[in-house]
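Participant: I need the structure of the sequence given here:
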Amino acid sequence: MEELASNEIQFLVACLASEESNVNELKTEFDARGVKEKRVQDILKRLISDGTIGITKYHNEEFHDYSKRESLDFVENWNNFVLAPLQIYLTDEGYKRWETDNWGITAKRARSLMFSNLGNSVRV
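Facilitator: Below is the predicted model of the structure:
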């Protein structure tokens, strides 16, 4: 199995966030790709810190968005985080980046990563 570069992991995390995925999909997706949890955790922390990604919880038919500090605290305890009923999402800044940034990879590589779907995630 090929090792993913950091920018490819960033792209896949953002892809999951663009689908407002449950956080357990981070574990499923990257375990299937053989990526160490610490790498995903560090990249997710950077994406939260720079305002690209947020964490939310859907409860009583409403979303509760957590602050950067709360989100970073969740991610710090990775094993509990990936089991929590939380979702990741692209912030307004994240959507701007999603629309304009190439994430340091070619369009062909992005399609390959998105549609290889090694985890159990289903993206339409």
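Participant: most remote residue from this protein's center?
Facilitator: residue 60 (23.9 Å; Cα atoms, centre = their mean).
Participant: Please, where are all the helices along this protein?
Facilitator: 6-18, 24-32, 37-49, 68-76, 78-81, 92-100, 107-116 (DSSP state H).
Participant: Now mean neighbour count, distance to residue 55 and mean pLDDT too, for those helices, in a markdown table please.
Facilitator: From N, CA and C alone the C-beta is placed, and that goes for glycine too. Shown next, in a markdown table, are the helices of the chain (neighbours: other Cβ atoms under 10 Å; distance: least, Cβ to Cβ, whole Å; pLDDT from 0 to 100):
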| stretch | mean neighbour count | distance to residue 55 | mean pLDDT |
| --- | --- | --- | --- |
| helix 6-18 | 21 | 9 | 94 |
| helix 24-32 | 19 | 11 | 93 |
| helix 37-49 | 18 | 7 | 97 |
| helix 68-76 | 16 | 4 | 96 |
| helix 78-81 | 14 | 9 | 94 |
| helix 92-100 | 13 | 12 | 91 |
| helix 107-116 | 12 | 22 | 81 |
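Participant: now the angle from the single longest strand found in the chain to helix 37-49?
Facilitator: Assignment by DSSP state E gives strand 53-59 as the longest strand of the chain. With axes from the mean of the first three to the mean of the last three Cα atoms, to 10 degrees defining the directions, strand 53-59 sits at 90 degrees from helix 37-49.
Participant: and strand 53-59, what does it pack onto?
Facilitator: Helices and strands touching strand 53-59, as assessed by 3 or more Cβ pairs under 8 Å, 6 or more residues apart in numbering; DSSP states H and E, comprise helix 6-18, helix 37-49, strand 62-65, helix 68-76, strand 87-90.
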